[in-house]
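[1] With the sequence up front, the predicted model follows.
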Amino acid sequence: MPDRAAATAFVPGHVTGLFTVDRREAPAETGSRGAGLTLEAGVEVTCQPADRTTITLDGAPTSVESVSRVLDALGVEATVEVSTDLPIGRGFGLSGGMALGTALAANEAAGLAHTMNELVSVAHVADVEAGTGLGDVVAQARGGIVIRESPGAPPHGALDGIPGGGRVEYLALGELSTPDVLTEHPDVLTRAGTAALERLQERPTRSQFMQSARQFTADVGLATARVESILAAVEETGGVGSMAMLGETVFGFGTALSDAGYEPQVTRVDPAGARIE
Ligand SMILES: Nc1ncnc2c1ncn2[C@@H]1O[C@H](COP(=O)(O)OP(=O)(O)OP(=O)(O)O)[C@@H](O)[C@H]1O
Ligand SMILES: CC(C)(CO)[C@@H](O)C(=O)[O-]
């Protein structure tokens, strides 16, 4: 039998700075309002139709519920190879990124004819149903600094963006379980997220994004002592850092973290969003 075609997609990482939890009956309408940065660091997903689905992450066999759900929804069995320069489970939206990358690459490799909106919707629903994300997929599809004005996949959600991009620094310290936080604290998150988003919409700039994200971090009380001490050190140098939702991760624009004496990882805002390579 001839080799079946393979296709590769790139999806930017997504750091959420502030968000709400907006549950609806339909998963496509469920999601979050909020804002975040998509990153040039991200995930590359290669799909090749196969008799049986297998998933590897940086070469190691694994299982990713959002990815399996995407393949089931598309009716495709495939070999899925994921590679990433970002750490998983630390607030970079990789479950959504892997789901969206699988949707794009499987559509291409299997010769399906779905539109971008349809594939974003399939990946969003998969991430929501897996419990691992609410707003990452729609932001990752768009690229840039993304404001989620209303929740859900296309055609339900509405997005806007803050113009510009630039250097982003981060320190990824540890994991936080997205499903646990979302089920334990939905009301606190939504109250703080709504207030932070309102302030950002009054003045949609990069600097206000960081201020709103920092206020959100303070209001929701998820920062560990390690995160708090880095944020305080950054503030002492006149900078602003915040916590990546949902991971024990600190991020900032420009040289915010290195100015405070840390040795962060460095990336940039991704201008383009998810794409077939
Ligand atoms: N080696 C691994 N380490 C952690 N999770 C893994 C691994 N391999 C597969 N997974 C799966 O990947 C998914 C990671 O989702 P999770 O929401 O925790 O992380 P994330 O998307 O990177 O971060 P966040 O949603 O906080 O931005 C889970 O479904 C988990 O089961
Ligand atoms: C819930 C969430 C913070 C998990 O990464 C993200 O999906 C978001 O911003 O909705």
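    Perfect, I can see it now. Numbers count the residues shown, from 1 in each chain. Ligands and ions are numbered 1, 2, ... in the order given.
[2] For burial, what's the neighbour tally of residue 61?
    Applying other C-beta atoms under 10 Å, we find 8 residues neighbouring residue 61. Yep, even glycine has a C-beta here, placed from its N, CA and C like the rest.
[3] Let me fix that, I meant to ask about residue 6.
    By other C-beta under 10 Å, the residues close to residue 6 number 15.
[4] Against ligand 2 - does the longest strand along the chain have any residue that ends up touching it?
    In the chain, taking DSSP state E as the definition, the longest strand is strand 34-49. Yes. Judged by C-beta under 6 Å from any ligand atom, strand 34-49 comes into contact with ligand 2 at residue 34.
[5] List the buried residues for that strand?
    34-49 (16 or more other C-beta atoms under 10 Å).
[6] Determine the set of other helices and strands touching it.
    The helices and strands touching strand 34-49, judged by 3 or more C-beta pairs under 8 Å, 6 or more residues apart in numbering; DSSP states H and E, are strand 7-19, strand 78-84, helix 94-109, helix 136-142, strand 145-150, helix 186-202, helix 206-220, strand 265-268.
[7] now for these, which one comes closest to ligand 2?
    For the helices and strands packed on strand 34-49, proximity to ligand 2 was assessed by C-beta to the nearest ligand atom; strand 7-19 is nearest, at 3.4 Å.
[8] Tell me the spacing between residue 142 and residue 162.
    According to C-beta to C-beta, to the nearest Å, residue 142 stands 12 Å off from residue 162.
[9] out of the two, which sits in the more crowded spot?
    Set residue 142 next to residue 162 and count neighbours by other C-beta under 10 Å: residue 142 wins out with 22 against 19.
[10] correct me, but that one touches residue 38?
    Yes. The pair formed by residue 142 and residue 38 meets the contact definition of C-beta atoms under 8 Å, at 7.4 Å.
[11] Now list whatever residues contact both of those two.
    Counting by C-beta atoms under 8 Å, 6 or more residues apart in numbering, the residues touching both residue 142 and residue 38 are residue 273.
[12] re earlier: by how many degrees do the longest strand of the chain and helix 206-220 diverge?
    90 degrees (axes from the mean of the first three to the mean of the last three C-alpha atoms, to 10 degrees).
[13] So is strand 34-49 next to ligand 1?
    No. Using C-beta under 6 Å from any ligand atom, strand 34-49 stays clear of ligand 1, coming no nearer than 9.3 Å.
[14] Show me what the following helix or strand past that strand packs onto, helices and strands only.
    Sequence-wise, the next helix or strand downstream of strand 34-49 (DSSP states H and E) is strand 54-57. Applying 3+ C-beta pairs under 8 Å, 6+ apart, one finds that strand 54-57 contacts strand 78-84.
[15] what's the average pLDDT for the strand it packs on?
    Here strand 78-84 scores 98 as its mean pLDDT.
[16] Counting neighbours, which bits of it end up buried?
    Buried positions in strand 78-84, judged by neighbour count with 16+ other C-beta under 10 Å: 78, 79, 80, 81, 82, 84.
[17] I'd like the residues you listed as TSV, with distance to residue 105 appended.
    Shown next, in TSV, are those (distance: C-beta to C-beta, whole Å):
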residue	distance to residue 105
78	8
79	11
80	8
81	9
82	10
84	14
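[18] for those, which one is nearest residue 214?
    The shortest approach to residue 214 among these belongs to residue 84, at 26.8 Å (C-beta to C-beta).
[19] residues contacting the closest residue to the closest one other than its chain neighbours?
    In this structure, residue 84 finds its nearest non-sequential neighbour in residue 43, 4.5 Å apart by C-beta to C-beta, 6 or more residues apart in numbering. With contact set as C-beta under 8 Å, 6+ apart, residue 43 has these partners: 10, 11, 13, 82, 83, 84, 86, 94, 97, 98, 101.
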